[in-house]
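Enquirer: Fold the following, please.
(chains A, B, C and D)
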There are 2 protein chains.
Amino acid sequence: MSTQTESTGDRTEAQAAHEIEGAGERPMRADARRNRELLVTAARNVFSAQGGAASMEAIAKEAGVGVGTLYRHFPNRLDLVEAVYQTDVQELWDTAQRVGAELEPWPAVEAFFDAFLRYARTKKTLLDELHLAFEKKPDLRSRARALLESSFDLVIDRAKQSGAVRDDISGSDVMQLVSPVCTNASIEPEQAGRLLRMILDGLRADAARTVLA
Amino acid sequence: MSTQTESTGDRTEAQAAHEIEGAGERPMRADARRNRELLVTAARNVFSAQGGAASMEAIAKEAGVGVGTLYRHFPNRLDLVEAVYQTDVQELWDTAQRVGAELEPWPAVEAFFDAFLRYARTKKTLLDELHLAFEKKPDLRSRARALLESSFDLVIDRAKQSGAVRDDISGSDVMQLVSPVCTNASIEPEQAGRLLRMILDGLRADAARTVLA
DNA sequence: TTAGTATACGGAGGGTGCCTCCGTTTAGCA
DNA sequence: TGCTAAACGGAGGCACCCTCCGTATACTAA
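Expert: Next up, the predicted model:
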């Protein structure tokens, strides 16, 4: 709850640079920041096209830079994987903010689920690499988890207050329900889609009929 | 249930060789079979010592043979991983047979759990590699699962008949309960041990007290 | 505007790991 | 006891991760 930036509003480039590096250092040079972003985007594209085992050379090429540049920004493979994953998590949080501000409560839930499905797709291609990354940096996992949980809370709580979603369920419940469906490798994409729709239906306030004895 | 060999009794070496190769071919030469076994054993040792990323060279060295010999037996890395895993599953099934024949029903359950914990440890170190292997050969997963399930059935059914284990639970229920505890990477070994003991306690016939309304 | 410098860039090359190839050795058979 | 099909060993090819350092360039101060 404490590492979040305050909003999704427009930030100056210098601010953006500060967020990537530590706060005390001078901002990155413009070309460096541009290349860093190119690299993360390229990595995501190449990973999703070629799988998690894609080579560093291929990623550098896709970004239009040399491997030296890649390694300047990301000293080793896992650092790059980590950056891609963190960017995805961050974007999901941004999405939660945005749909919360721009859409009605229920459509916001639907849109957020959609975004989560996309997020889960890249997480799935990086599953093995992330497994290693989480082992080396346990706080990466916990920070990501916290950010995800608060994203779900944001969207679900709002929908609960508006009466669109049943109130016997929390954001983190929903996350626990949805995460395995999206991440489990033995569930095909279209099956996952069906399951998600089913979960959505069960979430609606008027779906709460079953009462345990 | 159809791929099982009929028993754990003493088989001739020629029979053993036939089981490894296809049934139609001539038996392997004695040195080849010896080296094959050395390699699987060495692979298991090296993997458990160095992790699933251990090199083929290291394994060949541990077995005391050249890499050429390794690759003659296992054309690529995954084939070796698969062989180690299949051997483990097979040994677990042999153990189920053995404890079923040699021990009283309840001690047999305990001994089998112990063996399963050992099995799960190597499965855990090979998790990433197995993930790939399962992707390439879906029948490997299903055959292993079937063999595991029948091992659990064997031990649990016998204990149920003797009255040592509650009869509202099946072997495959127990497997579903135990497997994640042993395999989940975020559960430490000693925690897994505690959880297993707890499951064991819950399995006993005299533990069945809670009745759902 | 310009010169100086800290910073970033690129890619050749070192190191390692998977796998192949082929000359040498040996088990099994007549 | 030879003959031959089968197995052995390890040098070397190839691909990938990462390092190093000479070159290029964005920022800064005069």
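
Enquirer: Can you name the residues that contact the residue in chain A positioned nearest to chain B?
Expert: In chain A, the residue that lies nearest chain B is A:Asp128 (4.9 Å; Cβ to the nearest Cβ). For the C-beta atoms, the positions are set from N, CA and C on the backbone; glycine is no exception. By Cβ atoms under 8 Å, 6 or more residues apart in numbering or on different chains, the contact list for A:Asp128 reads A:52, B:128, B:131-132.

Enquirer: one more time with 7 Å
Expert: A:Asp128 makes contacts with A:52, B:128, B:131, as judged by Cβ atoms under 7 Å, 6 or more residues apart in numbering or on different chains.

Enquirer: Give me the subset of these that also touch DNA strand D.
Expert: Among the contacts of A:Asp128, no residue lies close to DNA strand D (Cβ under 7 Å from any atom of the strand).

Enquirer: Secondary structure of A:Arg121: a strand, I assume?
Expert: No - under DSSP: H, G, I helix; E, B strand; the rest coil, A:Arg121 sits outside any strand and is assigned helix.

Enquirer: With A:His131 as the reference, measure out to A:Val89.
Expert: Separation of A:Val89 from A:His131 (Cβ to Cβ, to the nearest Å): 16 Å.

Enquirer: The two: who's more crowded?
Expert: Counted by other Cβ atoms under 10 Å in any protein chain shown, A:Val89 and A:His131 do not tie: A:Val89 has more neighbours, with 20 against 14.

Enquirer: For that one, which non-adjacent residue is spatially closest?
Expert: A:Ala144 (4.8 Å; Cβ to Cβ, 6 or more residues apart in numbering or on different chains).

Enquirer: circling back: filter the contacts of A:Asp128 down to just the ones in helices.
Expert: Judged by DSSP state H, the contacts of A:Asp128 include B:128, B:131 as members of helices.

Enquirer: Check what pLDDT the residue in chain A positioned nearest to DNA strand C gets.
Expert: DNA strand C sits closest to A:Gly68 of chain A, with a gap of 1.9 Å, by Cβ to the nearest atom of the strand. Predicted confidence (pLDDT) for A:Gly68: 94.

Enquirer: Ok, the one 5 residues further on next?
Expert: Looking at A:His73, its pLDDT reads 95.

Enquirer: Assign the residue nearest to it when sequence neighbours are not counted to helix, strand or coil.
Expert: Closest residue to A:His73 apart from its sequence neighbours, by Cβ to Cβ, 6+ apart: A:Arg36 at 5.0 Å. On the three-state scheme (three-state DSSP), A:Arg36 is labelled helix.

Enquirer: Okay, A:Arg36 and DNA strand D: tell me how far apart.
Expert: 13 Å (Cβ to the nearest atom of the strand, to the nearest Å).

Enquirer: now do A:Ala146
Expert: Separation of A:Ala146 from DNA strand D (Cβ to the nearest atom of the strand) stands at 28 Å.

Enquirer: Could you do A:Met175 as well?
Expert: As judged by Cβ to the nearest atom of the strand, A:Met175 and DNA strand D stand 31 Å apart.
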